[in-house]
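>>> below are the sequence and a predicted model for it; my questions follow.
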Amino acid sequence: MTTQPHRRRRRAVPALAAAGIVLAGALAGLGPQVSSASSHREAPLIASDPAADNTDLYAFVSPERPGYVNLIANWIPFEEPDGGPNFYPFATDAAYNINVDSDGDAKADAVFRWTFKNVDRRGDSTFLYNNGPVTSLDDKNLLFKQTYTLSSSFNGGPFQTRISDAPVAPSRIGAASMPDYQKLRDQATVQLKGGWKLFAGQADDPFFLDLRVFDLLYGGDLSETGTDTLAGYNVNSLAIQVPFKDVALRGDAKRNPVIGVWTTTDRPRVRVTGQTELGPRADRVQVSRLGNPLVNEVVVPANLKDAFNSISPDKDAGIPAVVKRVTDPELPKLIESIYGVPAPATPRNDLVEIFLTGITTKAGGPIKADLNSQLNNMDVNAKKFRPSEMLRLNLNVPVTAQPNRLGVLAKDLQGFPNGRRLTDDAVDIAIQAVEGAAQTGKLVDALAAGDKVDANDNTFGDVFPYVALPNQGAVNAGKSTGAGTSGTNASPAAAAAGDDSAPSLSPVSAQASSGTSLSTGILVAVLGVGSLVTILATWWLRRRRTAPAFTRADDTIPL
């Protein structure tokens with residue numbers, strides 16, 4: 001695939017290339033159970049608080065800037081472009097965090113934290129977001145805008161402000177209001193002394209999939225595929241590009257190349273009506289969390305989803321109910337009942353490596369390869385390593401000249417689950433891996449076509465911040481323009497190029513088990529982000545209390 005901005009050719013790393021085939025099987029637990037568009041409204045409580053809801057996390061080495069890593073996190077799912085008059089600001093009483101663990105103790109060694117302020121000049125004079133064409137972020141016609149403060153903490157030290165009053169790219173209202181949105185995007189992309197690049201603002205939702213998975217897994221015969229459910233919708237993105245030395249253990253990415261990344265959102269523990277700013281850190285509680293795509297949606301059982309959003313990764317391996325869902329996943333059994341494709345044997349210890357330890361030979365797991373576990377860092381203290389769920393990335397894997405949307409499954413070791421690029425097809429990777437494609441050496445015929453959504457509806461950029469420009473126009477009327485990118489941030493049209501490893505096979509119809517059903521009501525919940533969410537958000541934010549803590553004995557998975 002040529003749409004991902006990872007083009008510079010690098011010399012292959014033989015030790016990593018050998019891992020390509022065996023790693024594919026480890027993706028199995030992420031299967032086609034994707035029912036919430038990665039992490040869009042995946043848990044009951046956070047579904048009522050979209051401004052705090054993490055949707056997706058991406059981590060990949062910069063293709064155009066050697067020695068730098070890109071971390072991109074999105075919030076606020078299903079932003080309909082015409083959702084005025086307030087549109088989609090970041091919450092001013094929340095803290096948005098990207099966390100990095102370099103030594104494997106499941107605690108953040110680097111934290112990048114964004115907080116926001118409103119600049120609202122509307123008062124009692126108008127309801128409009130703007131009262132004329134907006135040609136710059138300082139345009140007097142832009143009546144509402146936001147700024148942010150970015151602070152960072154390293155190795156548990158105090159947070160230090162890196163920039164304050166930085167500009168946020170506004171919601172894209174339409175062509176009449178914002179005739180050159182690329183200019184606004186460029187003005188909201190800043191570089192700090194020391195090399196950091198930053199972006200905060202609205203963007204096209206980069207995740208792509210067909211959500212008709214709810215209808216007995218695409219109609220019971222894969223006939224209900226080929227529609228990108230998220231086409232035309234936007235998200236709010238935070239992107240940061242930092243040098244390897246700022247996130248690698250001891251600042252040495254050559255000796256210690258593996259990092260783990262996850263995002264969180266903090267809210268005030270008690271919210272007061274009319275409160276508009278974030279209080280002291282001691283008064284905050286974590287309300288959302290995201291590392292690998294699909295985990296809270298399809299691995300964590302329903303009664304633990306809200307609690308999972310509230311805990312830190314160092315607690316994961318001590319929760320037997322969650323560990324059981326990793327070693328004995330639900331979805332392969334569902335696929336077997338519908339399509340007759342036998343579920344792989346359990347326990348799935350390969351999934352423990354994907355979700356909790358990273359790929360390594362040092363944890364005694366079944367995958368005989370070293371790729372993206374912090375245990376592979378030369379200066380790590382193995383006694384302090386703790387299994388935990390996070391998106392892990394090996395910074396030393398060369399940038400792929402011809403990225404493959406199937407990532408590691410297609411022996412492209414820079415792809416998901418070794419980090420995650422914007423063009424990695426998380427759904428199709430999961431559909432094949434959940435059925436053990438790596439064990440057979442070929443794709444499963446019955447599911448070879450996947451969901452037939454192989455690329456995003458908009459093209460991604462070649463340079464930071466990479467995400468496509470936000471859409472404009474109503475989604476429900478089929479009028480979304482899918483504006484994509486322009487200027488220096490443009491890239492070739494999205495296509496399924498570079499995917500020769502995937503054979504063209506027709507799906508095999510199979511009768512669904514009479515005892516199997518999927519709730520179409522969940523689909524209504526996923527897509528209903530309008531007035532109902534607003535009502536529920538108001539109710540919940542007054543009643544919310546800290547999620548219940550786990551009180552089980554420490555049943556940490558032994559290494």
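Thanks, I have the structure now. Numbers count the residues shown, from 1 in each chain.
>>> the stretch 301-450 of the chain: helices as residue ranges?
With helices called from DSSP state H, counting those that start in this stretch, the stretch 301-450 of the chain shows them at 305-308, 320-327, 331-339, 349-352, 426-433, 437-440.
>>> for the fourth one, the distance to its chain's centre please.
From the chain centre to the centre of helix 349-352 is a distance of 21 Å (C-alpha atoms, centre = their mean, to the nearest Å).
>>> which elements pack onto that helix?
Using 3 or more C-beta pairs under 8 Å, 6 or more residues apart in numbering; DSSP states H and E, the elements in contact with helix 349-352 are helix 320-327. For the C-beta atoms, the positions are set from N, CA and C on the backbone; glycine is no exception.
>>> and with 10 Å instead?
helix 20-24, helix 320-327 (3 or more C-beta pairs under 10 Å, 6 or more residues apart in numbering; DSSP states H and E).
>>> returning to that earlier point: deepest in the core, which of the helices of the stretch 301-450 of the chain is it.
Comparing the helices of the stretch 301-450 of the chain by mean neighbour count (mean count of other C-beta atoms under 10 Å), helix 426-433 ranks first with a mean of 27.
>>> export it to CSV, keeping only CA atoms.
Output in CSV follows, covering the C-alpha atoms of helix 426-433 (Å, rounded to 0.1, in the frame of the first residue of the first chain):
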residue,chain,number,x,y,z
ALA,A,426,-6.5,-3.9,12.1
VAL,A,427,-9.8,-5.6,11.3
ASP,A,428,-8.6,-7.8,8.4
ILE,A,429,-5.4,-8.7,10.4
ALA,A,430,-7.6,-9.8,13.2
ILE,A,431,-10.1,-11.7,11.1
GLN,A,432,-7.3,-13.9,9.7
ALA,A,433,-5.3,-14.2,12.9
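>>> what's it packed up against?
helix 20-24, helix 331-339, helix 437-440.
>>> worst mean pLDDT among the ones you listed?
When the helices and strands packed on helix 426-433 are compared by mean pLDDT, helix 20-24 comes last with a mean of 39.
>>> out of the helices of the stretch 301-450 of the chain, nearest to Gly450?
Set against Gly450 and scored by C-beta to C-beta, those come closest in helix 426-433, at 3.7 Å.
>>> and the nearest residue to Ala108 once chain neighbours are set aside, bridged to which residues?
In space, and not counting its chain neighbours, Ala108 is closest to Asn99: 3.9 Å by C-beta to C-beta, 6 or more residues apart in numbering. Here Asn99 sits in beta bridges with Val111, Trp262, as judged by DSSP bridges.
>>> my guess is Asn99 meets Ser152, correct?
No. Asn99 lies out of contact with Ser152 (C-beta atoms under 10 Å); the separation is 11.0 Å.
>>> of those two, who's got more company?
Shown here are Asn99 and Ser152; by other C-beta atoms under 10 Å, Asn99 has more neighbours (23 against 18).
>>> distance of that one relative to Pro206?
For Asn99, the distance to Pro206 equals 21 Å [C-beta to C-beta, to the nearest Å].
>>> again with Val326
26 Å.
>>> quote the end-to-end distance of stretch 328-348.
6 Å (C-alpha to C-alpha, to the nearest Å).
>>> tell me how far it lies from the chain's centre.
Here stretch 328-348 is found 25 Å from its chain centre; the criterion is C-alpha atoms, centre = their mean.
>>> could you do stretch 252-269 as well?
13 Å.
>>> neighbours around Asp120, how many?
When neighbours are defined as other C-beta under 10 Å, Asp120 has 11 of them.
>>> what's it in contact with, if anything?
Asp120 makes contacts with 89, 143-146, as judged by C-beta atoms under 10 Å, 6 or more residues apart in numbering.
>>> show the end-to-end separation of stretch 167-180, please.
Distance across stretch 167-180, first residue to last, is 17 Å (C-alpha to C-alpha).
>>> tell me which residues of that stretch come out buried.
By 16 or more other C-beta atoms under 10 Å, the buried positions in stretch 167-180 come out as 167-173, 177-178.
>>> what mean pLDDT does it have?
Mean predicted lDDT for stretch 167-180 stands at 97.
>>> chain center to that stretch: distance?
So, by C-alpha atoms, centre = their mean, the centroid of stretch 167-180 is 25 Å from its chain's centroid.
>>> correct me, but Ile173 touches Tyr88?
No. Ile173 lies out of contact with Tyr88 (C-beta under 10 Å); the separation is 11.0 Å.
>>> can you give me the strands for the chain?
54-61, 68-79, 95-101, 110-120, 144-154, 160-167, 189-191, 197-204, 234-243, 258-268, 284-290, 391-394 (DSSP state E).
>>> and those strands, which one is worst for confidence?
The minimum mean pLDDT among the strands of the chain belongs to strand 284-290 (a mean of 89).
>>> between that strand and strand 95-101, how many degrees?
60 degrees (axes from the mean of the first three to the mean of the last three C-alpha atoms, to 10 degrees).
>>> the spatially closest residue to Gln146 that is not a sequence neighbour and Asp109, how far apart?
For Gln146, ignoring the flanking residues on the chain, the nearest one in space by C-beta to C-beta, 6+ apart is Val168 at 4.1 Å. Val168 sits 27 Å away from Asp109, going by C-beta to C-beta.
>>> same check on Gly318?
Separation of Gly318 from Asp109 (C-beta to C-beta): 21 Å.
>>> one more: Thr264?
Thr264 is 15 Å from Asp109, by C-beta to C-beta.
>>> same check, this time on Gly450
37 Å.
>>> repeat that for Thr161.
Applying C-beta to C-beta to Thr161 and Asp109 gives a distance of 19 Å.
>>> give me the neighbour count for the residue nearest to Phe127 when sequence neighbours are not counted.
Counting by C-beta to C-beta, 6+ apart, Pro85 is the residue found nearest to Phe127 once chain neighbours are left out, at 5.0 Å. Using other C-beta under 10 Å, Pro85 has 11 other residues around it.
>>> now Asp252
15.
>>> does it really touch Val258, like I thought?
No. With contact defined as C-beta under 10 Å, Asp252 does not reach Val258; the gap is 11.9 Å.
>>> can you list the contacts of Asp120 in TSV and add distance to Gln191?
Formatted as TSV, those follow (distance: C-beta to C-beta, whole Å):
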residue	distance to Gln191
Pro89	24
Leu143	28
Phe144	26
Lys145	20
Gln146	20
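>>> closest to Glu389 out of these?
Of all the contacts of Asp120, Glu389 sits closest to Pro89, with 29.7 Å by C-beta to C-beta.
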